[in-house]
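[1] Predicted structure and sequence below. I'll ask about it afterward.
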Amino acid sequence: MSEIELLLLLSPAILALILLQNLIKSKKATLKLPPGNMGWPFIGETMGYLKPYSATSIGEFMEQHISRFGKIYKSNLFGESTIVSADAELNRFILQNEGRLFECSYPRSIGGILGKWSMLVLVGDMHRDMRTISLNFMSNARLRTHLLREVERHTLLVLGSWKENSTFSAQDEAKKFTFNLMAKHIMSMDPGKPETEQLKREYITFMKGVVSAPLNFPGTAYRKALQSRSTILRVIELKMKDRIEKMRDGREETEEDDLLGWVLKHSNFSTEQILDLILSLLFAGHETSSVSIALAIYFLQGCPNSVQQLRVISETLRLGNVVRFVHRKALKDVRYKGYDIPRGWKVLPVVSAVHLDPSIYDQPQHFNPWRWQNNGNRGYSSSSSSSNSSSSTTTNNNFMPFGGGPRLCAGSELAKLEMAVFIHHLVLNYHWELAEPDHALAFPFVDFPKGLPIRVHHLHDLI
Ligand code: HEM
């Protein structure tokens with residue numbers, strides 16, 4: 001075959017390729033992406049995005065980007081082209097269109113450490129099945145009959161150990177409370193027992209790795225966390241084998257009414273799936289609510305009036321923003337408010353930016369529990385009842401500390417119960433002050449650098 005003949009034979013294919021290329025180019029040219037800055041090759045703007053800042057602010061990065069580009073902007077974060085949204089409506093739209101237009105998409109390192117069957121990274125039917133099991137286990141009926149008592153018992157156990165005029169880390173105490181509660185609730189492990197204490201120690205190493213850079217080299221926090229993950233999974237697996245034997249021999253104890261027993265009876269998940277489910281619930285249910293309790297202790301000591309009129313849970317969640325943003329990716333090309341969000345791009349709905357948006361909440365960086373007094377008027381009511389004409393634009397829809405849509409936090413009711421009961425007994429029984437200055441920083445996970453050291457005084461014997 002001559003070169004001319006070969007060229008003639010291939011020309012339709014070449015033509016089609018050129019046409020396709022032009023089509024892609026013209027589509028790219030007609031896309032109206034939001035404004036923004038893609039930063040350096042590969043790392044993009046990730047370093048700036050992750051720079052620590054005060055937890056009651058949106059941080060310098062967000063502030064500068066919003067004032068330059070508006071509430072919806074493009075960037076390159078975590079190695080991917082990303083649309084960042086500080087826009088309340090777009091955030092709701094993204095969360096409510098889970099599985100249709102957008103999908104949960106956490107960085108691969110999160111799956112590496114929490115496990116590929118973790119509910120946080122699963123999508124589709126498997127996510128639905130795991131979610132159903134968790135929601136049933138934390139149903140309102142169970143919260144009222146069973147968990148309320150347990151939450152109260154664990155609160156009093158921690159508060160009862162505080163000595164008059166002693167100083168300690170409030171954050172560590174809050175962690176002790178939520179860890180003990182979760183270990184009991186998930187695997188019937190009792191506080192103070194050697195196996196529970198060992199699990200707690202492994203868990204601390206594990207947590208340091210979850211929030212560290214995913215560098216899997218000897219000596220790194222991530223590598224140590226992967227080792228702790230294996231140890232924790234071994235403990236859970238032993239518990240599981242023991243429970244299966246007990247169930248087979250009819251030796252189950254009534255107090256072992258826990259998540260492990262629940263999944264074994266109500267699902268046909270594999271061992272690997274059960275281990276990841278238990279580990280991720282331990283993670284999701286421990287760190288978040290303990291930081292929220294520490295935040296409430298911090299905000300309350302700076303606002304003695306609110307201790308008298310406790311209505312602080314929503315305000316703590318709004319201002320403290322334990323979970324600041326969630327990870328999604330676009331499943332289809334989406335057009336929103338004149339901008340295109342291309343299929344495959346990462347999308348980050350930043351819920352904290354909405355909670356700290358001055359057009360939605362009056363003086364957003366101010367801890368003001370009274371703003372929640374009038375339902376539907378949450379942003380603008382204040383202790384001095386200074387109402388504002390734009391208050392009618394404020395709706396409960398803007399308040400999203402637990403995410404939204406089909407992936408709304410499965411433990412939101414339990415978390416609120418834990419905070420309410422803990423704070424109730426705390427203010428009834430103690431006066432407290434900061435033993436040395438500390439404040440909440442977002443790394444972007446929220447943490448008190450000094451552990452929130454407080455000094456406590458008994459008001460009377462513990463009730
Ligand atoms: C104040 C405390 C808490 C906060 C602020 C919080 C926040 C959140 C947020 C924002 C999400 C959504 C993540 C996403 O959309 O990608 C989430 C998911 C989840 N949370 Fe919480 N959470 C808290 C406490 C708890 C507790 C106590 C549990 C119970 C064990 C829990 C279990 C879960 C689970 C299982 C999911 C995954 C739900 C799903 O993918 O369907 N959380 N949480």
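    Thanks, I have it.
[2] Distance of whichever residue of the stretch 301-450 of the chain sits closest to the ligand relative to L259?
    Nearest to the ligand, among the residues of the stretch 301-450 of the chain, is G411, at 2.0 Å (CB to the nearest ligand atom). To be clear about C-beta, it is placed using only N, CA and C from the backbone, and glycine gets the same treatment. Counting by CB to CB, to the nearest Å, the gap between G411 and L259 amounts to 11 Å.
[3] okay, and the common contacts of those two?
    S134, L281 (CB atoms under 8 Å, 6 or more residues apart in numbering).
[4] Can you name the helix or strand that the residue lying closest to the residue of the stretch 301-450 of the chain closest to the ligand once chain neighbours are set aside falls in?
    Closest residue to G411 apart from its sequence neighbours, by CB to CB, 6 or more residues apart in numbering: G285 at 5.1 Å. G285 belongs to helix 271-301 when assigned by DSSP states H and E.
[5] wait, does that helix make contact with the ligand?
    Yes - counting by CB under 6 Å from any ligand atom, the ligand has neighbours in helix 271-301: L281, A284, G285, T288, S289, S292.
[6] which among the residues you listed gets closest to the ligand?
    Minimum distance to the ligand across these is 2.5 Å, recorded for G285 (CB to the nearest ligand atom).
[7] just checking, that closest one touches E413?
    No - contact criterion CB atoms under 8 Å: G285 and E413 do not qualify, at 11.7 Å.
[8] higher neighbour count, those two?
    Each of G285 and E413 has its neighbours counted (other CB atoms under 10 Å); G285 has more, 25 against 17.
[9] What pLDDT does the model give that one?
    Predicted confidence (pLDDT) for G285: 83.
[10] And for G376?
    45.
[11] thinking V312 is in contact with F299, fair?
    Yes - applying CB under 8 Å, one finds V312 in contact with F299, separated by 6.9 Å.
[12] out of the two, which sits in the busier spot?
    V312 (23 against 20).
[13] burial measure for the nearest residue to that one once chain neighbours are set aside, as a count.
    Excluding the flanking residues, the one nearest V312 by CB to CB, 6+ apart is P369, at 4.7 Å. Number of residues near P369 (other CB under 10 Å) recorded here: 25.
[14] mind listing the strands for the stretch 101-250 of the chain?
    102-104, 167-169 (DSSP state E, counting those that start in this stretch).
[15] want to throw those strands into TSV with distance to H146, mean pLDDT and mean neighbour count?
    Output for these, formatted as TSV (distance: least, CB to CB, whole Å; pLDDT from 0 to 100; neighbours: other CB atoms under 10 Å):
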stretch	distance to H146	mean pLDDT	mean neighbour count
strand 102-104	30	96	20
strand 167-169	30	95	17
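[16] Report the residue spans of the protein with pLDDT below the cut-off.
    The model of the chain has pLDDT under 70 over residues 1-29, 253-256, 303-311, 374-395, 462-463.
[17] what's the following helix or strand after whichever helix or strand R318 is part of?
    Per DSSP H and E: R318 is located in helix 313-320. Sequence-wise, the next helix or strand downstream of helix 313-320 (DSSP H and E) is strand 328-330.
[18] Can you name the residues that contact V446?
    A55, V291, L295, G320, N321, V322, R324, A440.
[19] Determine which two of the residues you listed are furthest apart.
    L295 and R324 (12.9 Å; CB to CB).
[20] which of those two has more neighbours?
    Using other CB under 10 Å, the more surrounded residue of L295 and R324 is L295, with 29 against 22.
[21] Which residue is the nearest non-sequential neighbour of L114?
    Counting by CB to CB, 6+ apart, the nearest residue to L114 once its immediate chain neighbours are dropped is S280, at 5.1 Å.
[22] What about the one you found, how many residues nearby?
    The burial count for S280: 21, using other CB under 10 Å.
[23] Between the contacts of V446, identify the one with the most neighbours.
    Neighbour counts for the contacts of V446 peak at L295, which has 29 neighbours (criterion: other CB under 10 Å).
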